[in-house]
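> Give me a model of this one.
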Amino acid sequence: MDKIIGFLRYDLKKAINIYTAVLAIVPVIFFAYIAFALNLAQMGLQEYFYKSPITAVMFIVCLVDWIVAYVLFFQRDVLLNSSKSTVYVFTMLTIAQLAVGNMISFILGIIVLYLSKNIRSNDNKLNKNFMYLLIGSTPLYVISALFLINMGIH
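Coordinates of the predicted model:
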């Protein structure tokens, strides 16, 4: 892992910034794709979601990703200085991203978790903003993952 991190020239700050950027940019691209597809198919959003339930679920995942990116962007200083917050937040996010099939975010989350061992912090309590993030986003990711699994089975 050290060789991969060294080759990529990542440090914790860079890895968190890239993770946040991916969570912010991918939904914008997905929303643009949906707008293009709606225009091409000449149908409304509700009808499009009815015909493609996986798109509806991924729309919800993208909205949650966008909110998570927003919180991570404004709380990155806390993450850089609190190993407990970093480990808890990125463990949950990495598992959630794997569950909904976002492999790029999963791999970046593993890198952040690996680099979090270098945080030298005195702060042993979890930041309340991250508690709200975990409490709010986890059920939405779980429900989305369950829907995706259900659609895969049928």
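
> what residue of the chain is the furthest out?
In the chain, the residue that sits farthest from the middle, by C-alpha atoms, centre = their mean, is Gln42; the gap is 30.8 Å.

> Distance check, that residue against Ile54.
Separation of Gln42 from Ile54 (C-beta to C-beta, to the nearest Å): 21 Å. No exception for glycine: its C-beta is placed from N, CA and C like everyone else's.

> Then Ile119?
Distance, Ile119 to Ile54, by C-beta to C-beta: 38 Å.

> more neighbours, those two?
Taking other C-beta atoms under 10 Å, Ile119 and Ile54 do not tie; Ile119 has more neighbours (17 against 12).

> which of the residues in the longest helix anywhere in the chain are buried?
Determined from DSSP state H, the single longest helix within the chain is helix 12-41. For helix 12-41, the neighbour count (16 or more other C-beta atoms under 10 Å) marks 12, 15-16, 18-20, 22-24, 26-27, 30, 34 as buried.

> Report the distance from the helix or strand just after it to the chain centre.
The helix or strand immediately downstream of helix 12-41 is helix 45-51, counting by DSSP states H and E. Here the centre of mass of C-alpha atoms in helix 45-51, compared against the chain's by C-alpha atoms, centre = their mean, to the nearest Å, lies 24 Å away.

> helices or strands up against helix 45-51?
Here helix 45-51 touches helix 12-41, helix 53-74, going by 3 or more C-beta pairs under 8 Å, 6 or more residues apart in numbering; DSSP states H and E.

> list the contacts for the residue most central in space within the chain?
By C-alpha atoms, centre = their mean, the chain has its centre lying nearest to Asp65, at 4.7 Å. By C-beta atoms under 8 Å, 6 or more residues apart in numbering, the residues touching Asp65 are 23-24, 26-27, 102, 105.

> again, only this time at 6 Å
The contact partners of Asp65, by C-beta atoms under 6 Å, 6 or more residues apart in numbering, come to 23, 27.

> And it, how close does it get to Asn102?
Per C-beta to C-beta, Asp65 is found 8 Å from Asn102.

> again with Ile110
In terms of C-beta to C-beta, Ile110 sits 12 Å off from Asn102.

> neighbour count winner among those two?
Shown here are Ile110 and Asn102; by other C-beta under 10 Å, Asn102 has more neighbours (23 against 16).
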